[in-house]
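**Q** using only what follows, build the 3D model:
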Amino acid sequence: MAQYVAVIEDTDPEAVSLWFPDLPGCISGGDDVDEALENAPEALAFYAQELGADGRRLPPPRTLDELRADPEFADDLGNHTVVLIEWPPLDTAE
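**A** Residues are numbered from 1 along each chain as shown. Sure thing, here's the model as predicted:
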C-alpha cells in the first residue's frame, strides 16, 4: 500500500484545500480539514482513473524526506500541515 504526501492549506476561512506534490493537479477540498481529508481518497481515485484512461498509472510516491529535499516543494512543506494519504484506501484494498 502506498502513502502519498498531501499538503493541507487552510489559509482561506471559507474552505480548506489539500494537494499532492507527486500528483500535479490532484486536489481535494472541503469546508474544514476533516472534510478535505475525507475527500482525499476520492480525489486520488479520480486522478488514477484519468491516468488509466490514458494508459498510465499513478507514479510511485516520494517520501517526505525526498520531497523536503526538492526545492519546488520545500517551502510548502515547511509552511503547511502535511499528512499521508493511503492508496488504495484501506476500505477498498484487497
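**Q** mind naming the longest strand for the chain?
**A** strand 2-12 (DSSP state E).
**Q** now find how far off-centre that one is within its chain.
**A** When distances are taken as C-alpha atoms, centre = their mean, to the nearest Å, strand 2-12 is centred 6 Å away from the chain's centroid.
**Q** C-alpha coordinates for whichever helix or strand comes after that strand, CSV please?
**A** Moving toward the C-terminus from strand 2-12, the next helix or strand (DSSP states H and E) is strand 15-19. Taking Å, rounded to 0.1, in the frame of the first residue of the first chain, the C-alpha atoms of strand 15-19 are listed here in CSV:
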residue,chain,number,x,y,z
ALA,A,15,-12.5,26.4,2.7
VAL,A,16,-9.5,24.1,3.1
SER,A,17,-7.6,22.7,0.2
LEU,A,18,-5.3,19.7,0.0
TRP,A,19,-2.9,18.8,-2.8
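**Q** give me the residues contacting strand 15-19.
**A** Strand 15-19 has contacts (C-beta atoms under 8 Å, 6 or more residues apart in numbering) with 6-10, 26-33, 35-37, 39-40, 43, 83. (Glycine included, C-beta is placed from N, CA and C.)
**Q** tell me the buried residues within those residues.
**A** 6-9, 26-30, 36-37, 39-40, 43 (16 or more other C-beta atoms under 10 Å).
**Q** what's the closest of those to Leu77?
**A** Leu77 has its nearest neighbour among these in Val7, at 6.7 Å by C-beta to C-beta.
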